[in-house]
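Asker: structural data only, the sequence is not supplied:
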């Protein structure tokens with residue numbers, strides 16, 4: 001595990017939950033009425049990001065549904081990090097035009113991921129050929145079409161590229177995360193043995209120490225999380241706290257050390273919850289994310305504003 005969190009390999013930031021679509025599987029309830037934060041709050045968050053980031057993934061919601069805010073974020077990111085940070089945009093592609101693509105490239109975006117090629121989204125992948133032609137017209141390489149999830153391929157600062165993927169019951173999103181609209185509409189994955197923590201979008205390696213996938217944290221609007229679906233309570237507030245300091249704080253706590261290992265069933269050992277009991281509860285709930293929620297609700301609710309300053313630490 002890392003000791004210095006002023007360098008983070010990957011930050012996944014959902015800066016808006018506003019979206020032109022309202023997908024049945026959406027884990028953060030994005031849609032036309034999705035939650036939003038102000039430009040001022042976004043600037044505060046950028047100021048609190050680690051001193052060095054290898055990549056920043058901007059997502060939603062639909063980032064292009066808040067185009068003015070997206071442009072302001074890109075300008076501030078370039079001002080702070082220059083070209084040392086690869087900026088990736090995750091979009092459903094519905095609102096993307098040639099003029100917008102030109103502007104995004106000029107503002108430093110070098111990787112585009114079309115995250116809508118599945119049966120859940122409005123167009124269900126029908127715009128893929130048009131998007132491919134649009135990217136080709138601007139010289140954006142489509143050879144790296146798969147998600148950049150391993151350290152051999154995830155960072156390409158030197159050239160423009162785009163890829164595509166979508167949600168499936170087994171993988172993206174987590175297969176499916178028991179969150180948001182997927183939970184409301186009961187299309188989440190019922191498999192107590194399926195460990196979402198082990199994939200890149202899960203908590204594994206959010207504190208570093210593993211070489212097969214990037215160290216990645218998630219910021220949902222302002223909430224700092226060890227994983228993309230997010231823990232029941234965030235580990236910090238990126239508007240008010242330095243992300244590096246939040247990570248350094250939780251790195252000393254066994255609950256989060258176990259999540260970093262991708263082992264949610266052992267995260268309660270320091271609080272007297274055995275792995276056997278955790279697995280039994282997961283079988284009852286049929287989903288490890290639902291077990292994680294129950295664990296946080298039952299064992300961590302009384303801690304200081306959800307920032308866990310009173311949790312047992314491990315030297």
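Answerer: Ah, there it is. It should be emphasised that the depicted structure is a prediction, and the values quoted were computed from it without experimental measurement.

Asker: quick check: phi and psi at residue 110.
Answerer: phi -120, psi -10 (degrees, to the nearest 10).

Asker: my understanding was that residue 26 contacts residue 180; is that so?
Answerer: Yes - using Cβ atoms under 8 Å, residue 26 is in contact with residue 180, at 5.3 Å. In short, each C-beta sits where N, CA and C put it, glycine included.

Asker: and the strands in the stretch 201-315 of the chain, which stretches?
Answerer: 216-220, 223-225, 236-237 (DSSP state E, counting those that start in this stretch).

Asker: output these as CSV; include the columns distance to residue 68, mean neighbour count and mean pLDDT.
Answerer: As requested, these are exported to CSV (distance: least, Cβ to Cβ, whole Å; neighbours: other Cβ atoms under 10 Å; pLDDT from 0 to 100):
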stretch, distance to residue 68, mean neighbour count, mean pLDDT
strand 216-220, 20, 25, 97
strand 223-225, 23, 21, 97
strand 236-237, 24, 22, 95
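
Asker: dump those to JSON lines, plus distance to residue 169.
Answerer: As requested, those are arranged in JSON lines below (distance: least, Cβ to Cβ, whole Å):
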{"stretch": "strand 216-220", "distance to residue 169": "21"}
{"stretch": "strand 223-225", "distance to residue 169": "23"}
{"stretch": "strand 236-237", "distance to residue 169": "32"}
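
Asker: re earlier: residue 26 and residue 180: which is more packed in?
Answerer: Shown here are residue 26 and residue 180; by other Cβ atoms under 10 Å, residue 26 has more neighbours (27 against 22).

Asker: for residue 88, see how far away the more buried one is.
Answerer: 20 Å (Cβ to Cβ, to the nearest Å).

Asker: next one: residue 53
Answerer: Counting by Cβ to Cβ, the gap from residue 53 to residue 88 is 11 Å.

Asker: list the contacts of the closest residue to residue 49 other than its chain neighbours.
Answerer: Residue nearest to residue 49 in three dimensions, not counting chain neighbours: residue 243, with 5.6 Å by Cβ to Cβ, 6 or more residues apart in numbering. Counting by Cβ atoms under 8 Å, 6 or more residues apart in numbering, residue 243 makes contact with 5, 8, 11, 48-50, 217, 219, 224, 236.

Asker: looking at the residues you listed, which is nearest residue 71?
Answerer: residue 49 (17.9 Å; Cβ to Cβ).

Asker: surely the closest one and residue 11 touch.
Answerer: Yes - between residue 49 and residue 11 there is a contact at 6.4 Å, judged by Cβ under 8 Å.

Asker: among the strands of the stretch 201-315 of the chain, which comes closest to residue 266?
Answerer: Across those, closest to residue 266 is strand 223-225 (Cβ to Cβ), at 19.3 Å.

Asker: that closest one pairs with which strands, parallel or anti?
Answerer: The strands beside strand 223-225 in its sheet (DSSP bridges) come out as strand 216-220 (antiparallel), strand 236-237 (antiparallel).

Asker: the strands in the stretch 1-150 of the chain, which residues?
Answerer: 7-14, 52-59, 86-91, 109-114.

Asker: list the helices and strands the third one packs on?
Answerer: Secondary-structure packing of strand 86-91 (3 or more Cβ pairs under 8 Å, 6 or more residues apart in numbering; DSSP states H and E): strand 52-59, strand 109-114.

Asker: what angle do it and strand 7-14 make?
Answerer: Counting by axes from the mean of the first three to the mean of the last three Cα atoms, to 10 degrees, strand 86-91 lies at 20 degrees to strand 7-14.

Asker: what average pLDDT does strand 86-91 get?
Answerer: On average, the pLDDT along strand 86-91 is 96.

Asker: give me the low-pLDDT residue ranges for the stretch 1-150 of the chain?
Answerer: In the predicted model of the stretch 1-150 of the chain, residues 145-150 satisfy pLDDT under 70.

Asker: all helices of it, in order?
Answerer: 39-48, 67-81, 98-106, 128-137 (DSSP state H, counting those that start in this stretch).

Asker: which residues touch the first one?
Answerer: Translated: helix 39-48. So helix 39-48 is in contact with 13, 15, 69, 72-73, 76-77, 80, 219, 222, 238-243, going by Cβ under 8 Å, 6+ apart.

Asker: run the chain-centre distance for that helix.
Answerer: Centroid separation between helix 39-48 and its chain, computed with Cα atoms, centre = their mean, to the nearest Å, is 17 Å.

Asker: any idea how far residue 184 is from residue 15?
Answerer: For residue 15, the distance to residue 184 - Cβ to Cβ - is 23 Å.

Asker: more neighbours: these two, which one.
Answerer: It is residue 15, of residue 15 and residue 184, that has more neighbours when counted by other Cβ under 10 Å, with 25 against 12.
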